[in-house]
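> sequence unavailable; structure follows:
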């Protein structure tokens, strides 16, 4: 049994982690902390867990996290960089679901996140937890930087193409649409039902924090700096990301076969048959990413459609997948639930 | 392994059965039939099942259903009464998720369903598949009449009260609200997104087919004919039923304790603490029923709130629960997934 | 031209008032105040008003509200009782869209609203602004207590029956469902999209602030104290209230004709043909109330369905209707927009 | 008074036309036809029109359409080309809201619409009804080809840029998202609430019928053939289109000023301040198009966001705007309703 702790489990990423871990046969949840909710039984906040998660939220100060094998940080940005090093030094392995360790370039990180990084040495040691590209590194990692939701959908959608050098890396476009849970469980007016329902909008067109993370990942795949226009949108669904990706191809190729081969052994990436259109609900509440490739009018623009559940493959599910790899479990353990449709 | 067949698995009840059975460790799905979709691979219709259900829909004519231990009918009303008897005679056990065997009074059934019953002898032999009241009968049953969605939510909500004889049975009110999936996967204008979204309405106030089924169940509990006003409503959610039940009490009692004791050993009925308001998402995609009891202003009207997922405890999940009981499996096997929240 | 001011126009009731008043041919909006948004151009907050409302939010301290003919309070409860008296004394007429002047019994009001009333003398002078029952009083009123949203839907639904003395007033039930905009434009977790979407729940079963208001109105109609069980629910639509009302009848009658006659001259109350089921979208963004009457199985329980748009007939539209009456305009002026469907 | 007829008013475009025309002070609705619903009172189908539209649907065979000044075709593609010529020959002016007269290249039209064109001579005479580019032609036109919904949003979004010759016309991308009402009021499974709600998907990536129409319009603006990748998506809202447009710029310019100047005199096109993100609800139920222009990271890709209500500026509202121009009325008459928010 892997003994795990969760720091900051009162948000959507946290409750999704709890849902997955409570059903995982190889995990014991030892501690769940929350500064604001210390003492509250977890099911009082999340009745969906009644009878299955009997713990209370503990104060971070008193929780015995150092006795864990693994601690998940489901906290806002800027917390893990402060608290993870002590745990790491004590031999606890850590998966940070926030952004603290995702960007190798510290100055770039500080620019986008608006704060000073207090643990830059751990950024170097952290492994970016996208199993489809870093599986070996993840196995041995002490600290995992779990990818962002948009970055997961976009990187998986462009990986085969960029690795094969078949697209012009200078003019990539990622038009991404996210369900509202991506904004988190925070009391804010723009994500109220009466604001976000029956409505659609872009946001952050001039710059979104996931841009440098995506650009870093794509550049590694392409072996060169990429030019990327990234436009996120808010769409009225609870869960789901749909990335519509546009790439100018350099030469013809059997792109369908390229993708199928690249992902042939990936348990959670599903390349759909030609001419398909994945819908977000086909991955709802599951750890799958489904991808379709189109070349309209046989032109030089390739259109790739990539869908994930932002809370699962885009956050908590990917974290559990990383945990499975780190601890030598079957990679799909506890993640084999089928999507909920309808 | 229980070898099962599913007749008519192209609707929402059918795909939900497939989702649950494909994850059930003790089941082998041997055949899935559909008159209209014979030859189509199941995942072509339901991409959520890709890689996990490899069967094709078969023609009912050619499928070897008699080799099954159990056959589920996920068909429209009126099909099972025609096709089930031959299977039953061949020794196959049957669970009908439609209404053919639910109403003991054949004339009443024929009035509400507008057709002649062709297998009345099996109505007598059928067991009404509500485990919380008929567990023993279900164990030995050859034929299960799986309850309707509204009837499940309403009966579980009123059962302790009526069994205890604490309410006036003459003036019960069930104000029930259902998600749109309850209307099935049929191409009809009233359930289009642009009609049913951002909208709320009652329907069938003068008479809904679930009324006689509920009345029969409540009368058995009360030991006398009940007077029931049943008003169903369509609400813009995919899954979920919320029944708001009003009963005039005859005398004071500790109703909270009454409910908690009645359901203390029921794995899928959860009585919430006093003053709670269950929301439908707290049972989404799970087999739970959650119930809260209120007595406003200490008056003589008791208000009971009962929520289920209409496709799970209200259909496919309850069918699997019945199957587990019939075949001596743990009652919760394959049904232990946590609700999906958010 | 009626010169109007609006205090506190940053909520949903406020923006709806602005939408209606900006299109009203007989109104000049002179001032819009907001403590928190003073200086902000109104369309910066509500882009839907761009090019049509050119005002800025003003500080309540500096706005020249005493120069107005009429001031609307679209503020939280407890504000109007403090600020309205000075305006009233200066000869300005006032419509309060909050609850400060709705309840005649001061002690009752203080119990439900949890504060001391500071202007009880104005409660006596205020006219309850439900035109269908108080049209004459409204005409001369200096101060209007604009009804709550639930109270409007419930009172219009029961008025003909209670006035005619045909129902047992001791056991009325109002099972009401509201869209989420009824909770206001406040940053709170329970009304986030990811909480309230694809979800349904009751709330306030043990006591909701609209209960005493409804009870007071129904008692006036019945000429005697009524017993009322009121259960509000939150349903995932932006606008709309659907009240399902249950009354035990004392004797048979042509209830359809009763309702049609009672409302024959009411421009905004529409009694549907027998056997109808009004949907909330049939009144969306309009000032109509639509009502249908059912007597299931010819029993002794009458079921009345009543729908309104909570922001229009349930708030801002009714306020404009009251304004029209107060200033001798045609009652439908500026309120004649058709519902938006789909 | 303009005497108008509507052919085929049982769809969403039809009911929206009725909503707008019934409120238009200069219009008399003389006849509404429907093959399938002849004899049905219009409000029986659309209760939102009760008390305001007293007509019945008439059979097309008996309706006296030749007595009208103007006939709207709100019919499926392929109907107007058959029936409009006889009306036109009788001197009736016609606005076709379907696609029959939109594409100048008959062979191209026949390829995309899969039928033979039976009135090619009228294609030449028809005027494409986008007032922002064809106002003069519309004034005198006998036959208007009312633009499609996607084509309206995309063309208005790219017009200033292409007219000014500032973008590379060879590599335009239109990533467009539509509410579900765009699919019409047809009983089909993919647009059921339980399919389209809480879901997001692309469709028609390899070729959508609006592609040739958009390409034709953009080519006229650019003065040269354009290369366009057009990807439509279905998003869970009732009304609204959000087009996210990507263009590679040839040179720097003050794009904000360019757009503001181009649309300075357009009553229904609103260029938002720099850095804005229009949401679809800011135009809900209104005839506005709102546009924002972004140049992320000062790169060579311009991002233009353009929103409309697909049923208003994308269909019925634009048809009324065209009618106003054709008959010398104020262009905004009957179209001046403010958007409904929230």
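Right, received. Where do you want to start? Predicted model only: the values in this text are computed from it and were never measured.
> use CA for all of it now, contacts and neighbours both
Noted.
> distance check, residue A:155 against residue C:74.
Per CA to CA, to the nearest Å, residue A:155 is found 48 Å from residue C:74.
> again, but for residue A:306
46 Å.
> more neighbours, those two?
residue A:306 (31 against 26; other CA atoms under 10 Å in any protein chain shown).
> next, the more buried one: phi, psi?
phi -140, psi 120 (degrees, to the nearest 10).
> over to the one 5 residues further on?
Summarising the backbone geometry of residue A:311 under the convention degrees, to the nearest 10, its torsions are phi -80, psi -20.
> repeat for residue A:244
phi -110, psi 120.
> what is it paired to in the beta sheet?
Beta-bridge pairing for residue A:244 (DSSP bridges): residue A:175, residue A:305.
> count the neighbours of it for me.
Counted with other CA under 10 Å, the neighbours of residue A:244 add up to 24.
> got a list of what it touches?
By CA atoms under 8 Å, 6 or more residues apart in numbering or on different chains, residue A:244 lies in contact with A:174, A:175, A:176, A:303, A:304, A:305, A:306.
> buried stuff in stretch A:106-121?
Residues of stretch A:106-121 classed as buried by neighbour count (16 or more other CA atoms under 10 Å in any protein chain shown): A:106, A:109, A:117, A:119.
> what two of those residues have the greatest distance between them?
A:109 and A:119 (12.0 Å; CA to CA).
> which strands or helices does the helix of greatest length in chain A pack on?
What stands out as the longest helix in chain A, according to DSSP state H, is helix A:149-163. Of the remaining helices and strands, those touching helix A:149-163 by 3 or more CA pairs under 8 Å, 6 or more residues apart in numbering or on different chains; DSSP states H and E are helix A:210-222, strand A:241-248, helix A:255-262, strand A:289-294, strand A:301-308.
> please tabulate these in a markdown table, including the columns distance to residue D:130 and mean pLDDT.
Formatted as a markdown table, the helices and strands packed on helix A:149-163 follow (distance: least, CA to CA, whole Å; pLDDT from 0 to 100):
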| stretch | distance to residue D:130 | mean pLDDT |
| --- | --- | --- |
| helix A:210-222 | 37 | 97 |
| strand A:241-248 | 29 | 98 |
| helix A:255-262 | 39 | 98 |
| strand A:289-294 | 31 | 98 |
| strand A:301-308 | 29 | 98 |
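> need the ones you listed in a markdown table (columns: distance to residue B:78).
Output for the helices and strands packed on helix A:149-163, formatted as a markdown table (distance: least, CA to CA, whole Å):
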| stretch | distance to residue B:78 |
| --- | --- |
| helix A:210-222 | 55 |
| strand A:241-248 | 41 |
| helix A:255-262 | 45 |
| strand A:289-294 | 39 |
| strand A:301-308 | 40 |
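> and of these, who's closest to residue C:249?
strand A:241-248 (53.4 Å).
> what angle do that closest one and strand A:301-308 make?
Per axes from the mean of the first three to the mean of the last three CA atoms, to 10 degrees, the angle that strand A:241-248 makes with strand A:301-308 is 160 degrees.
> can you list the residues of the stretch 151-300 of chain A near chain D?
Within the stretch 151-300 of chain A, the positions lying close to chain D (CA under 8 Å from any CA of the partner chain) are A:175, A:194-195, A:197-203, A:205-207, A:229, A:235-240, A:242, A:275, A:277-281, A:294-297.
> now what about the longest helix of chain A, what contacts it?
A:130, A:132, A:167, A:169, A:174, A:176, A:182, A:210, A:213-214, A:217-218, A:221-222, A:241-243, A:245, A:255, A:258-259, A:262, A:289, A:291, A:304-308, A:310-311, A:313-315.
> if we use 6 Å, what do you get?
Contacts of helix A:149-163 from elsewhere in the structure, counted by CA atoms under 6 Å, 6 or more residues apart in numbering or on different chains, are A:214, A:221, A:222, A:259, A:306, A:310, A:314.
> now the two most distant members of those residues.
Maximum distance among the contacts of helix A:149-163 (CA to CA): 24.7 Å, for A:222 and A:310.
> higher neighbour count, those two?
residue A:310 (33 against 22).
> dump the residue contacts of that one.
A:149, A:240, A:241 are the contacts of residue A:310 under CA under 6 Å, 6+ apart.
> and for residue A:99?
Per CA under 6 Å, 6+ apart, neighbours of residue A:99: residue A:77.
> quick one: it from residue A:150, how far?
12 Å.
> go on, residue A:173?
Residue A:173 is 13 Å from residue A:150, where distance means CA to CA.
> can you check residue A:9 too?
Counting by CA to CA - residue A:9 and residue A:150 are separated by 21 Å.
> on the three-state scheme, residue A:233 is what?
The three-state label given to residue A:233 by DSSP: H, G, I helix; E, B strand; the rest coil is strand.
> give me the neighbour count for the closest residue to it other than its chain neighbours.
Leaving aside its sequence neighbours, residue A:233 sits nearest to residue A:202 (CA to CA, 6 or more residues apart in numbering or on different chains; 4.0 Å). By the criterion of other CA under 10 Å, residue A:202 has 23 neighbours.
> thinking again about what came up before, which two of the contacts of residue A:244 have the greatest separation?
Pairwise over the contacts of residue A:244, using CA to CA, the maximum falls at A:176 and A:303, 12.7 Å.
> redo the contacts of helix A:149-163 as a markdown table? Include distance to residue B:324.
Converted to a markdown table, the contacts of helix A:149-163 look like this (distance: CA to CA, whole Å):
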| residue | distance to residue B:324 |
| --- | --- |
| A:214 | 47 |
| A:221 | 50 |
| A:222 | 53 |
| A:259 | 41 |
| A:306 | 38 |
| A:310 | 34 |
| A:314 | 35 |
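> which one of the helices and strands packed on helix A:149-163 lies nearest to residue B:37?
Taking the helices and strands packed on helix A:149-163 one by one with CA to CA, strand A:289-294 is closest: 24.2 Å.
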